[in-house]
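Q: could you look at this predicted model? Sequence included:
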Amino acid sequence: MLKLKIKVIKDILYYKLPLYSRIPYLIIFVILLWGVFTHIATVNLIIILFVVISYIGLAYVEKWTFDNTTNTITEAGGVFPFVKIHTYNYEDISRVDIEHFFRGETGEAETQNKKGKRRQRRAMLTLSLIEKVSGNQIKIEIIDEKSSAGRSESAAISIAQHTGLPLKQDREASKGPKMHMSDLQKNMFDPH
């Protein structure tokens, strides 16, 4: 799961993939590319496929820019060089929105898959912007609530504070009890 991070530089707030998320793809891409060029006679389709997949991971862009100097929100997403860019003005956005839901929920009491087993409903959340005129939802992030661990909610708060847009949350973030190693008993792991 790719997790976006907040970064603020002067009057610009970035919500984007961190640079360190590309390092594994860079290492794999360089090693495979080096192997392709040093052993050009033994290159097969599988190796080329792995090179392409590692390039996609390396060149994938997902970035939201909230610029207070121009009062614009810029969304950039895709694989370089095929990155789509959309720009929205602050005055066209009515609010920042956090909505919690269960994936697979259709309103029916019980849902079952083809084998007759109950589907496991997973708690998810959507961080989005709501347009003023049309009321359309511009989705910034859809993420499993457990893997978000409150980061998406805090990002929504940061975005709302930075842009001055109102924030609407359907409920507060679900956070489990905080536990530290010092809370565990010292002899808990001792088998005797």
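A: That came through, no problem.

Q: contacts, neighbours, all on C-alpha from now
A: Noted.

Q: so, low pLDDT: which residues of the chain?
A: 1-2, 41, 104-120, 172-192 (pLDDT under 70).

Q: what segments of the protein are strands?
A: Secondary structure of the chain by DSSP state E: the strands cover 5-9, 12-16, 60-67, 72-79, 82-89, 93-103, 122-131, 137-144, 167-169.

Q: put together a markdown table for those strands, with mean neighbour count on each row.
A: Putting those into a markdown table (neighbours: other CA atoms under 10 Å) gives the following:
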| stretch | mean neighbour count |
| --- | --- |
| strand 5-9 | 14 |
| strand 12-16 | 20 |
| strand 60-67 | 20 |
| strand 72-79 | 17 |
| strand 82-89 | 13 |
| strand 93-103 | 19 |
| strand 122-131 | 19 |
| strand 137-144 | 16 |
| strand 167-169 | 16 |
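
Q: dump those to a markdown table, plus distance to I47.
A: Below are these laid out as a markdown table (distance: least, CA to CA, whole Å):
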| stretch | distance to I47 |
| --- | --- |
| strand 5-9 | 32 |
| strand 12-16 | 30 |
| strand 60-67 | 20 |
| strand 72-79 | 20 |
| strand 82-89 | 23 |
| strand 93-103 | 36 |
| strand 122-131 | 36 |
| strand 137-144 | 32 |
| strand 167-169 | 46 |
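
Q: between those, which one is nearest to A155?
A: strand 5-9 (6.7 Å; CA to CA).

Q: what is that closest one packed up against?
A: Helices and strands touching strand 5-9, by 3 or more CA pairs under 8 Å, 6 or more residues apart in numbering; DSSP states H and E, are strand 12-16.

Q: now with 10 Å?
A: If you count contacts as 3 or more CA pairs under 10 Å, 6 or more residues apart in numbering; DSSP states H and E, strand 5-9 packs onto strand 12-16, strand 60-67, helix 151-163.

Q: redo these as a markdown table? Include distance to D97.
A: What follows is those, written out as a markdown table (distance: least, CA to CA, whole Å):
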| stretch | distance to D97 |
| --- | --- |
| strand 12-16 | 15 |
| strand 60-67 | 15 |
| helix 151-163 | 7 |
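
Q: closest one to I23 among those?
A: strand 60-67 (12.2 Å).

Q: now the closest one, how far from the chain's geometric center?
A: 11 Å (CA atoms, centre = their mean, to the nearest Å).

Q: next, the angle strand 72-79 makes with it.
A: 180 degrees (axes from the mean of the first three to the mean of the last three CA atoms, to 10 degrees).
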